[in-house]
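In: mind looking at a prediction? Sequence and model below.
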Amino acid sequence: MTDVPELEEEEKRPGAVLFTCSFNAVRSPMAAAIARHLFPGKIYIASAGARRGELDPFAVAVMEEIGLDITRHRPQTFEDLEDESFDLVITLAPDAHHRALDLFRYNAVDVEYWPTSDPTLASGSRDHILEEYRAVRDYLMARIKKRLNWNPQFQTAPARA
């Protein structure tokens, strides 16, 4: 039965995930785009920030390097969320973590803190700054794959009736 391992992986995976950071301008939109790419149609993915920011052009650039377009992303806050029914909230910054704990304290939801460096604090040459953003992108890719039980064998398999 080839379907059994896939079902076991999907049973371990949350159905709705919210990624949060400070301004919803770098880390959380990158994480959301990665998760949507890895789990198309399998997990509902959203992102929000503790405060509203502007989409960061360096984030756009490093995501384009791996074929993901985040140019349509519009930063939003927790208050802008249309739904608060998440199985998992992953916070990437301390202020977002505290806000998520407060907002979801009465919900049956897991809130996890993934300390993630803020690449907007990088200085130096454009190349050095881009390396900081790439490091965050790659860190998020690895954490998401591990936490959400990504298995490439099942990602490309055709859906069965």
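Out: Received, thanks. Numbers count the residues shown, from 1 in each chain.

In: middle-most residue in the protein, spatially?
Out: A31 (2.6 Å; CA atoms, centre = their mean).

In: go through the chain and flag its longest helix.
Out: Longest helix in the chain by number of residues, with DSSP state H as the criterion: helix 126-147.

In: give me the buried positions along that one.
Out: Buried residues in helix 126-147, counting neighbours by 16 or more other CB atoms under 10 Å, are found at 129-130, 132-134, 136-137, 139-141, 143-145, 147. For glycine as for every other residue, the C-beta is placed from the backbone atoms N, C-alpha and C.

In: mind listing the helices for this structure?
Out: 3-12, 27-38, 57-65, 94-103, 126-147, 152-155.

In: by contact count, what packs against the longest helix of the chain?
Out: Applying 3 or more CB pairs under 8 Å, 6 or more residues apart in numbering; DSSP states H and E, we find helix 126-147 packed against helix 27-38, helix 57-65.

In: from what I see, P29 and R74 are in contact.
Out: No - the criterion here is CB atoms under 8 Å, and P29 misses it with R74 at 9.3 Å.

In: list residues touching both of those two?
Out: Any residue near both P29 and R74 by CB atoms under 8 Å, 6 or more residues apart in numbering counts here, and that gives L55.

In: what about the spatially closest residue to D110 that is not a sequence neighbour, how many neighbours?
Out: What sits nearest to D110 in space, not counting adjacent residues and going by CB to CB, 6 or more residues apart in numbering, is L88, at 5.0 Å. L88 has 18 neighbours, counted by other CB atoms under 10 Å.

In: now swap in L18 and tell me
Out: Using other CB under 10 Å, L18 has 30 neighbouring residues.

In: quick thing: my sequence starts at 505, can you match it?
Out: Let's use 505 as the start, then, which means that last one is L522.
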